[in-house]
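Student: Provided below for reference: sequence and predicted model.
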Amino acid sequence: MVMSSYGSASPPGSAGKNNIKFLLGLRGGINFTAPFVLNRYSIFSNTSPTLSPDFKTYDKWYKNLGSQYGLIAMIQLREKTYITLQPSLATHNFNYTGRYTWVNPQDVSENTTMTFHHKQSLKYAEFPLLFRQDLTAARFRPYLQGGGFYSLLQSGMQDIAVTEQVNSSLVVNQIPEGNRSGSVSDQVIHTYLGLIAGGGLAYTFDFAMIGLDLQYKGGLYNITNKANRYSNQSLLGDTFDVPDDLSLYAWMVSFNVVFSLGLNKPAKGALKCP
């Protein structure tokens, strides 16, 4: 329970100018990841000027569903001002398709197309540090927030579904070739920094606060380990795929609930009443 300097209970959203309050709780939700391609790489070169030079196409952000869950710690500096730390475990998924065609130069109606549907799943321990400003002091309050994050890679996996299509003047056969999977942890750098901006809606109770949070986060640099780009011989041999240079962006929607810890520290220079 949080106590004011006069001994009366004080809800989380009512810190005065002379008090610093501490809150702790849980958060969880979903995310949608959008990889931004910085540079493309392939082990093949295009031999036909009529075909697109891009062998891979990435799915739109709304098809790349992931999740996050963790803790939220808040320091309430003023009635409408907070610093928040949100350590979380987050899974960022994104999908892309690689398609490669081999054509018989003697008869272009004879060709074989291999299609690889990739799902890449990166799991991070993330540590966002944000500054939050409420727009009102009422119980129901919208807010804005911004800051940065540090991410530490826990694992990286890639699942691939393969289809082969054989075309000729007589027949077209589409043959499922099964699924493949493997680790891509060594092809991704293990630490990552970025920025966050967003906002949300919160409702305060006497000793708790619930909120719905929307964040947009963007990485500051390439996540691909360039030194290990061609090192995954298993996936390279099975799927002909090497990672592009990518930066990750994501929309994150979270529900959170926090509780007062019962700590009420006078701010520096404040007069503490007996």
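Tutor: Received, thanks. Numbers count the residues shown, from 1 in each chain.

Student: Okay, and residue 193 sits in which element?
Tutor: strand 191-204 (DSSP states H and E).

Student: Run through the strands of this structure in chain order.
Tutor: According to DSSP state E, the chain carries its strands in the segments 19-39, 56-58, 65-78, 81-85, 88-104, 107-134, 140-167, 172-183, 191-204, 208-219, 245-266.

Student: out of those strands, which comes closest to residue 230?
Tutor: Between residue 230 and the strands of the chain, the shortest gap by Cβ to Cβ is with strand 245-266, which sits at 13.5 Å. C-beta: built from backbone N, CA, C; applies to glycine.

Student: Look at the closest residue to residue 101 other than its chain neighbours and say how many residues are nearby.
Tutor: Computed as Cβ to Cβ, 6 or more residues apart in numbering, the closest residue to residue 101 that is not its neighbour in sequence is residue 113, at 4.6 Å. Neighbours of residue 113 under the rule other Cβ atoms under 10 Å: 15.

Student: residue contacts, residue 113?
Tutor: Residues near residue 113 by Cβ atoms under 8 Å, 6 or more residues apart in numbering: 99, 100, 101, 102, 164, 165, 167.

Student: same thing with residue 127?
Tutor: Shown in contact with residue 127 (Cβ under 8 Å, 6+ apart): 85, 86, 87, 149, 150, 151, 152.

Student: Can you tell me which of the residues you listed lies closest to residue 95?
Tutor: Closest to residue 95, out of all of those and judged by Cβ to Cβ, is residue 151, at 20.3 Å.

Student: Lowest-scoring secondary structure element of the protein by mean pLDDT?
Tutor: Scoring the helices and strands of the chain by mean pLDDT, DSSP states H and E places strand 172-183 at the bottom, with a mean of 77.

Student: Just list whatever residues bridge to the residue nearest to residue 214 when sequence neighbours are not counted.
Tutor: Among residues not flanking residue 214 along the chain, residue 198 sits closest, at 5.1 Å (Cβ to Cβ, 6+ apart). Using DSSP bridges, the bridge partners assigned to residue 198 are residue 145, residue 215.

Student: Buried ones among the contacts of residue 113?
Tutor: 99, 100, 101, 167 (16 or more other Cβ atoms under 10 Å).

Student: If the last one is in a bridge, with which residues?
Tutor: Partner residues in beta bridges with residue 167: residue 111, residue 172, with DSSP bridges as the criterion.

Student: May I have stretch 62-70 exported as PDB, CA atoms only?
Tutor: Once non-C-alpha atoms are left out, stretch 62-70 reads as follows in PDB (Å, rounded to 0.1, in the frame of the first residue of the first chain):
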ATOM      1  CA  TYR A  62       0.500  -8.200 -40.600                       C
ATOM      2  CA  LYS A  63       1.300 -11.800 -41.600                       C
ATOM      3  CA  ASN A  64       4.300 -12.000 -39.200                       C
ATOM      4  CA  LEU A  65       2.600 -12.700 -35.900                       C
ATOM      5  CA  GLY A  66       4.800 -13.000 -32.700                       C
ATOM      6  CA  SER A  67       4.400 -12.500 -29.000                       C
ATOM      7  CA  GLN A  68       6.100 -11.000 -25.900                       C
ATOM      8  CA  TYR A  69       5.600 -11.300 -22.200                       C
ATOM      9  CA  GLY A  70       7.500 -10.100 -19.100                       C
END
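
Student: Tell me the buried residues in that stretch?
Tutor: Taking 16+ other Cβ under 10 Å as the criterion, stretch 62-70 shows 64, 66, 67, 68, 70 as buried.

Student: quick one, what contacts the last one?
Tutor: If I follow you right, that is residue 70. 26, 27, 28, 86, 87, 88, 89, 126.
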